[in-house]
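> coords please:
(one chain, ligands or ions: 2)
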Amino acid sequence: MRKYLFLALTILVFASVVSAHRLVRLYDVSRGSVIDMIEKGYDVTCVDMRHGYVDIMLPEQDVDQAALLSYDYEVLPREWGELLPENMDDAGEYYDPEENWTFWSSLSADYPELANPPVTIGQSYQSRDIYMIRLTGPTSGYKPPIYFSSLIHAREPGGNSVLIDFAMWLTGNYDGGDTRAAYILDNSTVYFVPIANPDGYVYNMPNGGNQRKNMNFTLGDGIDLNRNWGYKWDYDDLGSSPYPNDQTYRGTSAFSEPETRVQRDFIIDLEPIAAMNYHTYGGYLLYPWGYEDILSPDSILFTGWADAMTAENNYTYGTAWQILYNVNGENNDWSYCGDSLPKIYAMTPEVDDKGFWGSQNDTTEIVRICNECRPMNILFCFASLGYVGISGDGEVGIEPLLLLNSVYPNPVLSSASFRITSSGSSNVSVMIYDTSGRIIDSFETGSIKGGTSSLVWGVPHEIPAGVYTARISDAAGNCDSRRFTVMR
Ligand code: 0X9
Ligand code: ZN
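Ligands and ions are numbered 1, 2, ... in the order given. Sure, this is the predicted structure:
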């Protein structure tokens, strides 16, 4: 039976002329059948093995014929898969390209001490600017960069909404409001690349919204920018296609596309410690590896982070091959691999939006997805800054490189001894934070030998009794932190 189904679907796909499409949800599909569909070039838009369904995008004229097939299926609302005519000029409640520009520019006007005006980091295939926005507080010192991106897939505006919301939350809460915002902006530099595929996004406005790839039509209908990155590019054809008209077409070579080169060069220059590359949809939180059915050396860390990050929104977490399907030439794997720069703890949320455009007429739904992703973003920043002592129960151990073993005595009276273990010799810097995340003191050691040492800190007279956090970091970016109490 299955083979006839595939034959029928194959005919449907190849017989179709480009036109309106509909999302169709097929129930009770085995993982093997999903992989078959992907290999046959179907536009598989969401896989949910927890609930036993898969969504595919089909040309509108073929949807009725799909009803004849044996799957239990449902045609999803039209607005899940395309921009409705009334929203074709402005993406409805999502932010269209102009609204993005207005929002990100106004952020620097409204919060000049926190946000820079958008900065162009390069041009797309059709010569549109790809821009970034940098947010940070006025505190000085090394403030690790954390990277956020969205719309590498041009039909996934829900991720862009989440970035806009997070930037609003960070800036709006920096002074007063939620002290976690001050902690993040005082201790890190948060970068946003809100439209990673501007040509596709601009094209989608008057054209219904089904463009996922970039607009380089030299060989087909675009290149999947999330298959064009240079780590394990072309590893195999699972979830990455050599055929130019497939939705997962990887391009003629790694980094063949200007959009991926622009992000690559910016990231290499920036050396972020962590990245959230937003996609939609499904309600997942994914992390490396994607290219093969193996766990990364940091599996325990990713599992611990993801477990805590999804505590509120209940997103399913894991590697792409555990949750969805294998992918290669993908952004996260390249960011994490450590080939071109130190490892970036890169994760991909798949926002639980209603399909691609399902919230276009419903602000409350956009607010919902933003609300459910905001705690995930906040915790991600805290976790990547080493502030949260998350331990996971993943399968693979990681070797600690720098540990803050104890603060002695604790409570501290006039001076404290921080006992640390370091895997090699390096300078170590120590920062002391209060509970709202403000840096109240800091010092740097000379070169410390590998092994165990004690760093002594005299408590400044002016600091009041209370709970504080010491955070140590070395030149390689290893860090650890520990809380302690000061008594007077
Ligand atoms: O296929 C993709 O590129 C992503 N899914 S989407 O439906 N938005 O296209 C998933 C990429 C997952 N990759 C890793 N987490 N490594
Ligand atoms: Zn995507």
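
> which residues are in contact with Gln123?
Asp129, Ile130, Pro258, Val262 (Cβ atoms under 8 Å, 6 or more residues apart in numbering). Bear in mind the C-beta positions are built from the backbone N, C-alpha and C, glycine included.

> which strand residues bridge it?
Beta-bridge pairing for Gln123 (DSSP bridges): Asp129.

> any idea how far it is from ligand 2?
Distance of Gln123 to ligand 2, given as Cβ to the ion, to the nearest Å: 22 Å.

> helix, strand, or coil at Gly158?
Recorded secondary structure, Gly158: helix (DSSP: H, G, I helix; E, B strand; the rest coil).

> can you pull the contacts of it?
Tyr94, Tyr278, Thr280, Tyr281, Val351, Asp353, Phe356, Ser359, Ile366, Ile369.

> now Gly290
Gly239, Thr319, Ala320, Trp321, Asn326, Val327, Asn328, Glu330, Asn332, Asp333.

> 10 Å instead, please
For Gly290, the contacting residues are 226, 231-232, 235, 238-240, 296, 319-322, 324-334, 336, 348, by Cβ atoms under 10 Å, 6 or more residues apart in numbering.

> name the residues of the stretch 201-350 of the chain found near ligand 1, please.
Taking Cβ under 6 Å from any ligand atom, the part of the stretch 201-350 of the chain that reaches ligand 1 is made up of Asn226, His279, Leu286, Pro288, Gly290, Ala320, Val327, Glu330, Asn332, Asp333, Thr348, Glu350.

> farthest-separated two in these?
Of all pairs drawn from those, the one with the longest distance (Cβ to Cβ) is Asp333 and Glu350, at 16.0 Å.

> so the nearest residue to Gly222 once chain neighbours are set aside, which state does it fall into?
Spatial nearest neighbour of Gly222, excluding adjacent residues (Cβ to Cβ, 6 or more residues apart in numbering): Lys213 at 3.1 Å. Per three-state DSSP, the secondary structure class of Lys213 is coil.

> what number of residues lie near Lys213?
Using other Cβ atoms under 10 Å, the number of residues around Lys213 comes to 31.

> returning to what we had before: got a winner among the contacts of Gly158 for most neighbours?
Thr280 (31 neighbours).

> quick check, pLDDT for that residue.
You'll see Thr280 listed with a pLDDT of 98.

> shift numbering so it begins at 16
Happy to do that; since the first residue is 16 now, the last one works out to Thr295.

> separation between it and Gly373?
Here Thr295 is placed at a distance of 9 Å from Gly373 (Cβ to Cβ, to the nearest Å).

> on that earlier part again, and the two most separated of the contacts of Gln138?
Pairwise distances across the contacts of Gln138 peak at 11.5 Å for Asp144 and Pro273 (criterion: Cβ to Cβ).

> those two: who's more crowded?
Shown here are Asp144 and Pro273; by other Cβ under 10 Å, Pro273 has more neighbours (20 against 15).

> list the contacts for that one?
Neighbouring residues of Pro273 by Cβ under 10 Å, 6+ apart: Gly137, Gln138, Ser139, Tyr140, Gln141, Ser142, Arg143, Ile145, Asp214, Asn229, Asn231, Leu240.

> and it, how far from ligand 2?
Distance from Pro273 to ligand 2, by Cβ to the ion: 19 Å.

> cool, Glu75 as well?
Glu75 is 22 Å from ligand 2, by Cβ to the ion.

> look up the closest residue to the residue of the stretch 66-215 of the chain found nearest ligand 1, ignoring the ones flanking it.
For the stretch 66-215 of the chain, the residue closest to ligand 1 is His168, as judged by Cβ to the nearest ligand atom, at 5.3 Å. The spatially closest residue to His168, leaving aside those adjacent along the chain, is Arg227, at 4.8 Å (Cβ to Cβ, 6+ apart).

> do Leu301 as well
Here the residue nearest Leu301, using Cβ to Cβ, 6+ apart, is Thr363, at 4.4 Å.

> tell me which element the one you found is part of?
Element membership for Thr363 (DSSP states H and E) is strand 360-366.

> just checking: what are the partner strands of that strand?
As assigned by DSSP bridges, strand 360-366 forms pairs with strand 289-292 (parallel), strand 294-295 (parallel), strand 299-302 (antiparallel).

> how near is the nearest residue to Ser430 once chain neighbours are set aside to Asp489?
Once flanking residues are discounted, Ser430 sits nearest to Gly473: 4.7 Å by Cβ to Cβ, 6+ apart. Per Cβ to Cβ, Gly473 is found 22 Å from Asp489.

> same deal with Gly333?
Counting by Cβ to Cβ, the separation of Gly333 from Asp489 is 31 Å.

> what does Arg227 give?
41 Å.

> neighbour count: these two, which is higher?
Neighbour count, other Cβ under 10 Å: between Arg227 and Asp489, Arg227 has more, with 24 against 21.

> residues contacting the more buried one?
Shown in contact with Arg227 (Cβ under 10 Å, 6+ apart): 58, 60, 72, 167-171, 212, 215, 219, 236-237, 239-241, 262-263, 371.

> hmm, 7 Å instead?
By Cβ atoms under 7 Å, 6 or more residues apart in numbering, the residues touching Arg227 are His168, Ala169, Arg170, Asp239, Gln262.

> highest neighbour count among the residues you listed?
Neighbour-wise, the contacts of Arg227 (other Cβ under 10 Å) top out at Ala169, 27 neighbours.

> how about that one: what's its closest non-neighbour residue?
Gly215 (2.7 Å).

> backbone phi and psi for His476, please?
The phi/psi pair for His476 (degrees, to the nearest 10) reads phi -60, psi -30.

> please identify the helix or strand for Trp320.
helix 314-324.

> export that helix as PDB, just CAs?
Extracted C-alpha coordinates of helix 314-324, given in PDB (Å, rounded to 0.1, in the frame of the first residue of the first chain):
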ATOM      1  CA  SER A 314      25.600  16.400  25.000                       C
ATOM      2  CA  ILE A 315      25.400  16.500  28.800                       C
ATOM      3  CA  LEU A 316      25.600  20.300  28.700                       C
ATOM      4  CA  PHE A 317      23.100  20.700  25.900                       C
ATOM      5  CA  THR A 318      20.700  18.300  27.600                       C
ATOM      6  CA  GLY A 319      20.900  20.200  30.900                       C
ATOM      7  CA  TRP A 320      20.400  23.600  29.300                       C
ATOM      8  CA  ALA A 321      17.600  22.400  27.100                       C
ATOM      9  CA  ASP A 322      15.800  20.700  30.000                       C
ATOM     10  CA  ALA A 323      15.900  23.900  32.000                       C
ATOM     11  CA  MET A 324      15.100  26.200  29.000                       C
END
